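Trainee: Pasting a predicted model and its sequence here:
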Amino acid sequence: MGRLFGTDGVRGVANTELTPELAYSIGRAGAYVLTKHANGRAKILVGRDTRISGPLLECALVAGMCSVGADVVISGVIPTPAIAYLVRTEGFDAGVMISASHNPFEHNGIKYFSGTGYKLSDEIEEEIEAIILDNAVEIENPTHEKVGNVTYDYSLCDKYIEFAKSTIDVDFSGMKIAIDCANGASSMTAEKTLKGLGAEVTVINNTPDGININNNCGSTHIEGLMELVKNGDFVGGLAFDGDADRVLAVDSNGELVDGDKIMAICGLDMKERGILAKNAIVATVMSNLGLFVMGEKNGVNIPKTKVGDRYVLEEMLKEGYSIGGEQSGHVIFLEHNTTGDGLVTGLQLLSVVKRTGKTMAELATVMDTFPQVLINAKIKNENKEKYKEDAEIMAVISAMEEEFASTGRVLIRPSGTEPLVRVMIEGKDVDVITEKARMLADLLEKKLG
C-alpha cells in the first residue's frame, strides 16, 4: 500500500484528512502523470457520488487538473463503473471518481482510472505520490490559452445506462423487482435501467441529501430490502452501495444472495452457455468455503487472490479469466467492464432468472454457505500489521488455525481503507466460531488499539 493511495484510491474524512488542498495536489499531480503522453490537450472525466463533501473536493480536484493544462468534463453524480466505461469509450485520457464507496458520508475518496478504464498500477500511484509528497517533479504552470477548461455533460449517465442494458439479451417484462439505491449514485441509474428493460420496479432509499448515503441502507444494511421483498411478490431485490460498484441480491423469500452466490449462479450459467473463460471463477481468500466446494462439484476452477478487487482483476487479466469478485458483491464481468459494476452484475443475475425460468432461491441452491463470522477489531492505522510481531497474538492465531484446520479456517486481514483488522472464522458451529472470533478481536484491540 502506498503513502497516500490505499487499495482503492485515496480515502479519509473529508475536510480534515482528505482536504481541499490535498485534493488539489492529487488533481494536479495525477493529471500531469496520466496525461503527459497525451496528444494535444488532455481530457479528463470527473464524477462523484452523493456525499455532501463531493462538490467541495470536486472543485479543488478540478482546479488542480486545469492548473497543468488539462481540460475537464464533469458528469455530476454517476456510478464508479460508469466512469470506467465512459473513459475508454468516449475518448478520455483519464477519469476520476470522488467517492468513499460503502463508507459513512463523512468519508470521501479520490480514485483514478487510466484512459483504458483500469485502476492505476502501483507504479503510477507511486509516481503521483512522489510528486505530491517529495516534489519529485517541478510542474510548469501553463498560461494564456494553455490553461485547462471545464465543461459539464450530464448526458453521460444515459450513455452508461444504454451500455448496461446492452449487456443482456433478455427483457424483464413480467418481473417485479425491488431495489435499494443506498441514497447513492445508483439513484441516477438503477430504476431507469430496469424500467427501460420492462420490469416493474419498487425503489427504496433513492432520495440522497448528502448525508444519508449508506445510512442504514444499501448493500451494507440490507435488512430493509430483505423485509420488503419477503412481504411482497417480488422475483427478488438488488441492493447497491454508495458508488454502485457492488451489489447484493435478495431472493423472493427475503434471503440474502451475496457476491459468492451471485458468482456461483452466473458462473455456472456462463459455463452452460460455453462462455466461462478457462472454466474459472476468480475469488478471494475471504470467499466462503461453500463457493470452493461448489467449484469442485461442478468442475469449475476457483483461483484465490488477496482481498481487493484490484487483485481479482490482476489475476483475471493475467490468466484471461472472464468473471471474478468478492463476497461483498464487487463482481467483475470482464467482457463488459474493467471494474466491479453493481448494475451490470444485477442485470446478469436477473437475466439468469429470466432465461432459466427458475427462481433466484432455486438458483442459489447450487452453493451451500458455511457458517462464517467476521468481526472488526478497531486498531490504530499504524498498528494494522503489527499483530504479526506479537508473540501472544500469533500463538492464539496458530492454536485457532490448528483447531479449525479440518472443518473451517481462520483469516486475519488488515483493512486497506479503514483503521481495522478483520477477523474471519469459518466452521460448523456458529456459536463456537463467534466466541473465538470475538476473543481474538478483543485481544487485537487490547494490544494494538
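Mentor: Yep, it's here. Numbering: from 1, shown residues only.

Trainee: element containing the residue nearest to residue 369 when sequence neighbours are not counted, please.
Mentor: Distance criterion CB to CB, 6 or more residues apart in numbering; nearest residue to residue 369, sequence neighbours excluded, is residue 290 at 4.8 Å. (Glycine included, C-beta is placed from N, CA and C.) Following DSSP states H and E, one finds residue 290 within helix 289-298.

Trainee: my read is residue 410 is in a helix, agree?
Mentor: No: the assignment for residue 410 (DSSP: H, G, I helix; E, B strand; the rest coil) gives strand, which keeps it out of a helix.

Trainee: Go ahead and confirm it touches residue 427.
Mentor: No: shown here, residue 410 and residue 427 do not form a contact pair, counting by CB atoms under 8 Å, at 9.0 Å.

Trainee: what touches both of these two?
Mentor: residue 404 (CB atoms under 8 Å, 6 or more residues apart in numbering).

Trainee: how about the strands in the stretch 201-350 of the chain?
Mentor: With strands called from DSSP state E, counting those that start in this stretch, the stretch 201-350 of the chain shows them at 236-240, 247-251, 256-257, 283-284, 304-305, 323-325, 331-333.

Trainee: what pLDDT, on average, does the last one get?
Mentor: Which is strand 331-333. Computed over strand 331-333, the mean pLDDT rounds to 98.

Trainee: now swap in the third one and tell me
Mentor: Confidence over strand 256-257, taken as the mean pLDDT, stands at 98.

Trainee: Which residues does it contact?
Mentor: Contacts of strand 256-257 (CB under 8 Å, 6+ apart): 222, 226, 236, 248, 249, 250, 251, 265, 349, 360, 364.

Trainee: circling back: restricting the selection to alpha carbons, write the helix holding residue 290 to PDB.
Mentor: Provided in PDB are the C-alpha atoms of helix 289-298 (Å, rounded to 0.1, in the frame of the first residue of the first chain):
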ATOM      1  CA  LEU A 289     -15.800 -22.300   1.600                       C
ATOM      2  CA  GLY A 290     -19.100 -23.200   0.100                       C
ATOM      3  CA  LEU A 291     -18.000 -21.500  -3.200                       C
ATOM      4  CA  PHE A 292     -14.900 -23.600  -3.500                       C
ATOM      5  CA  VAL A 293     -17.000 -26.800  -2.700                       C
ATOM      6  CA  MET A 294     -19.400 -25.700  -5.400                       C
ATOM      7  CA  GLY A 295     -16.500 -25.400  -7.800                       C
ATOM      8  CA  GLU A 296     -15.200 -28.900  -7.000                       C
ATOM      9  CA  LYS A 297     -18.700 -30.400  -7.500                       C
ATOM     10  CA  ASN A 298     -19.300 -28.700 -10.800                       C
END
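
Trainee: name the helices or strands packed onto it?
Mentor: When contacts are defined as 3 or more CB pairs under 8 Å, 6 or more residues apart in numbering; DSSP states H and E, helix 289-298 sits against helix 259-272.

Trainee: who does the helix it packs on touch, helix- and strand-wise?
Mentor: Using 3+ CB pairs under 8 Å, 6+ apart, helix 259-272 is in contact with strand 247-251, helix 289-298, strand 323-325, strand 331-333, helix 342-356, helix 360-364.

Trainee: how about those, which one is nearest residue 72?
Mentor: Closest approach to residue 72 among the helices and strands packed on helix 259-272 is made by helix 342-356 (24.8 Å; CB to CB).

Trainee: Any idea how far the closest one is from the middle of the chain?
Mentor: 18 Å (CA atoms, centre = their mean, to the nearest Å).

Trainee: got the angle for it vs helix 259-272?
Mentor: 50 degrees (axes from the mean of the first three to the mean of the last three CA atoms, to 10 degrees).

Trainee: How about the contacts made by residue 146?
Mentor: Contacts of residue 146 by CB under 8 Å, 6+ apart are residue 69.

Trainee: quick one, phi/psi of it?
Mentor: Residue 146 adopts backbone torsions of phi -90, psi -10, taken as degrees, to the nearest 10.

Trainee: ok, now which ones touch residue 120?
Mentor: Residue 120 neighbours (CB under 8 Å, 6+ apart): 5, 34, 112, 113, 114, 128.

Trainee: what about residue 119, neighbour count?
Mentor: 23 (other CB atoms under 10 Å).

Trainee: out of everything not next to it in sequence, what's closest to it?
Mentor: Spatial nearest neighbour of residue 119, chain neighbours left out: residue 310 (5.7 Å); criterion: CB to CB, 6+ apart.

Trainee: The one you found is in contact with residue 7, isn't it?
Mentor: Yes: the criterion here is CB under 8 Å, and residue 310 meets it with residue 7 at 6.3 Å.

Trainee: that older thread, turn the strands of the stretch 201-350 of the chain into TSV, including distance to residue 448.
Mentor: Formatted as TSV, those follow (distance: least, CB to CB, whole Å):
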stretch	distance to residue 448
strand 236-240	33
strand 247-251	31
strand 256-257	32
strand 283-284	24
strand 304-305	26
strand 323-325	30
strand 331-333	33
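
Trainee: How many neighbouring residues does residue 237 have?
Mentor: There are 29 residues near residue 237, going by other CB under 10 Å.

Trainee: and if you look at residue 129?
Mentor: Per other CB under 10 Å, the neighbour tally for residue 129 reads 19.

Trainee: do the same with residue 416
Mentor: 17.

Trainee: Ok, residue 204 next?
Mentor: So residue 204, with other CB under 10 Å, has 18 neighbours.

Trainee: ok, it touching residue 178?
Mentor: Yes: using CB under 8 Å, residue 204 is in contact with residue 178, at 7.3 Å.

Trainee: and for those two, which residues touch both?
Mentor: 225, 228.

Trainee: Not including adjacent chain positions, what is the nearest residue to residue 9?
Mentor: Closest to residue 9 by CB to CB, 6+ apart is residue 111, at 3.3 Å.

Trainee: in the protein, what spans have low per-residue confidence?
Mentor: 1 (pLDDT under 70).

Trainee: show me where it has helices.
Mentor: Under the criterion DSSP state H, the chain contains helices at 20-35, 54-66, 80-89, 122-134, 156-166, 190-196, 223-230, 259-272, 289-298, 309-319, 342-356, 360-364, 391-403, 430-448.

Trainee: contacts for the fourth one?
Mentor: What that stands for is helix 122-134. For helix 122-134, using CB under 8 Å, 6+ apart, the contacting residues are 2-5, 22, 25-26, 29-30, 32-34, 112, 114, 120, 136-137, 139.

Trainee: and what of the last one?
Mentor: Contacts of helix 430-448 with the rest of the structure, by CB under 8 Å, 6+ apart, involve 371-380, 383-384, 386-387, 390, 392-393, 396-397, 400, 403-404, 408, 412, 421, 423-427.

Trainee: hmm, try it at 6 Å
Mentor: Residues from elsewhere that reach helix 430-448 (CB atoms under 6 Å, 6 or more residues apart in numbering): 371, 373, 375, 377-379, 383, 386-387, 400, 421, 423, 425, 427.
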